[in-house]
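Engineer: show me the folded form of this:
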Amino acid sequence: MLNEEKIKLMTKLAIYEKNIGYKDFEVNEYFKHDYILKNNLKTRIFVTLACAMLFGGHALLEIFVFLEERQSIDFIRYGLTYGALYLVIIICYSILSTKIYATEYKETQLRLSGYKKVLKKLNQFSEESH
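Structural biologist: Model prediction:
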């Protein structure tokens, strides 16, 4: 005989697994520190690439202006400016991404604890029927 409550629990589990559960299971494979570190590394790589493109474009612009006006370029000043800007940007993005991924990990753990509670209820129904 079918138990309506058991069917509801199984449906709830299936919906969770289909919609967001697969991502939660992937996140749960990592310890919190490792998850944050992995995603911080990805953030730093993309920020570095973006800065390289922006700074490279600005440097090319300065070179073209130098060639047209026949002035000298102060490479040390530009290098220090780019370096300082890069450090500020990378530190800000690192702090921001650490907070974002820590919150994401915490929310994932909360959802998974709810998932485990529903699984436990479902197991209780299975044990009662035997």
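Engineer: buried residues in stretch 8-16?
Structural biologist: Within stretch 8-16, the residues scored as buried using 16 or more other Cβ atoms under 10 Å are Leu9, Leu13, Tyr16. Using the backbone N, CA and C atoms, a C-beta is placed for each residue, glycine as well.
Engineer: tabulate the residues you listed (a markdown table), appending pLDDT, distance to Thr108 and secondary structure.
Structural biologist: A markdown table is the format used below for these (pLDDT from 0 to 100; distance: Cβ to Cβ, whole Å; DSSP: H, G, I helix; E, B strand; the rest coil):
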| residue | pLDDT | distance to Thr108 | secondary structure |
| --- | --- | --- | --- |
| Leu9 | 89 | 21 | helix |
| Leu13 | 92 | 16 | helix |
| Tyr16 | 93 | 12 | helix |
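Engineer: which of those lies closest to Leu122?
Structural biologist: Comparing the buried residues of stretch 8-16 against Leu122 with Cβ to Cβ picks out Leu9 as the nearest, at 4.7 Å.
Engineer: which residues does the residue nearest to the closest one when sequence neighbours are not counted contact?
Structural biologist: Using Cβ to Cβ, 6 or more residues apart in numbering and skipping the chain neighbours, the partner closest in space to Leu9 is Leu122 (4.7 Å). For Leu122, the residues meeting the contact criterion (Cβ atoms under 8 Å, 6 or more residues apart in numbering) are Lys6, Leu9, Met10, Leu13.
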